[in-house]
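*Asks:* Could you look at this predicted model? Sequence included:
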Amino acid sequence: MKISLGNGEKTLIISVVVCLMIMVVGYSFAYFTFGVTGTGGGSSATASTAKLPDVTFTGFSAALNLSNAYPGKSASNTFKISFNGNSVSTSEKVAISLNITSNGFKLCKDAGTGANGCDTSDTTPQLVATISGGGISGTQTIDLTGKTGNVLLATETISKETTYTVTVRFNESNKNQMHNAGKSFAGTIGVQFAA
């Protein structure tokens with residue numbers, strides 16, 4: 001018995017085969033890292049299993065949200081970074097960032113002339129992020145006022161499980177800050193390898 005396939009069936013089979021091939025290639029690329037090193041007159045290639053960062057968040061979420069804000073209000077997230085379990089044979093450089101999806105905080109001068117009676121000469125950062133832990137000396141502070149998108153918080157070289165805390169705070173300026181009262185902030189903490 002001979003089975004004939006129509007154009008639709010042939011296209012479907014070819015599509016499935018192509019998808020499977022792309023998945024195999026993608027998986028192989030993610031699983032192995034490839035490096036070429038020069039030695040004398042030639043070069044050699046080596047492949048090894050990739051080290052991917054394991055990130056564990058307190059409360060199991062990378063989210064960092066601040067809502068209905070008032071001066072001094074803050075939100076924090078503590079997390080640990082390790083590699084393939086809890087040990088690394090070598091040091092790895094990682095970038096810790098905050099991907100800001102919503103940020104209603106502005107300086108008074110950007111909120112409109114004297115909005116809600118605020119002081120347009122006040123240049124105090126209205127929203128700040130702090131990061132501490134790991135090899136960071138003390139606490140590092142980053143101005144987030146009016147920022148959206150990906151903001152780099154720190155770059156660290158780590159060789160063992162390392163704990164960090166990121167806090168977002170409506171910064172108290174001791175001036176009228178009514179233009180930011182009740183505003184909100186939303187973002188997620190990201191960790192990736194750095195160059």
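*Replies:* The structure has been received and is ready for your questions. Residues are numbered from 1 along each chain as shown.
*Asks:* Sketch out the low-pLDDT regions of this protein for me.
*Replies:* In the predicted model, the chain carries pLDDT under 70 at residues 1-6, 8, 10, 12, 15-54, 57-60, 83-90, 112-115.
*Asks:* Mind splitting it into its structural domains?
*Replies:* 7-48, 51-193 (automatic domain parsing).
*Asks:* Helices along this protein, start to end?
*Replies:* 7-31, 108-111 (DSSP state H).
*Asks:* And the strands in this protein, which stretches?
*Replies:* 32-39, 42-49, 53-57, 63-66, 74-83, 87-103, 127-133, 139-143, 149-160, 162-170, 185-193 (DSSP state E).
*Asks:* Tell me how many other residues surround L98.
*Replies:* By other CB atoms under 10 Å, 24 other residues sit near L98. (C-beta placed from N, C-alpha, C; glycine too.)
*Asks:* gap between it and N65?
*Replies:* 12 Å (CB to CB, to the nearest Å).
*Asks:* overlap in contacts of the two?
*Replies:* Counting by CB atoms under 8 Å, 6 or more residues apart in numbering, the common neighbours of L98 and N65 are G187.
*Asks:* ok, and the closest non-adjacent residue to T56?
*Replies:* K80 (4.7 Å; CB to CB, 6 or more residues apart in numbering).
*Asks:* For stretch 67-76, list every residue counted as buried.
*Replies:* 69, 71, 75 (16 or more other CB atoms under 10 Å).
*Asks:* my guess is the first one contacts A186, does it?
*Replies:* Which is A69. No. Contact criterion CB atoms under 8 Å: A69 and A186 do not qualify, at 11.7 Å.
*Asks:* okay, now the residue nearest to F185 when sequence neighbours are not counted: neighbour count?
*Replies:* Once flanking residues are discounted, F185 sits nearest to L66: 4.3 Å by CB to CB, 6+ apart. Neighbours of L66 under the rule other CB under 10 Å: 23.
*Asks:* ditto for T162
*Replies:* With other CB under 10 Å as criterion, T162 counts 17.
*Asks:* give me the beta-bridge partners of it?
*Replies:* Beta bridges link T162 to I81, judged by DSSP bridges.
*Asks:* same deal with F193?
*Replies:* What pairs with F193, by the bridge criterion (DSSP bridges), is V94.
*Asks:* Please name the residues that touch it.
*Replies:* 53, 92-95.
*Asks:* can you pull the contacts of Y70?
*Replies:* By CB under 8 Å, 6+ apart, the neighbours of Y70 are 170, 181-182.
*Asks:* Spit out the contact partners of T162.
*Replies:* 80-82, 133-135, 156.
*Asks:* which non-adjacent residue is nearest S82?
*Replies:* Among residues not flanking S82 along the chain, E161 sits closest, at 4.1 Å (CB to CB, 6+ apart).
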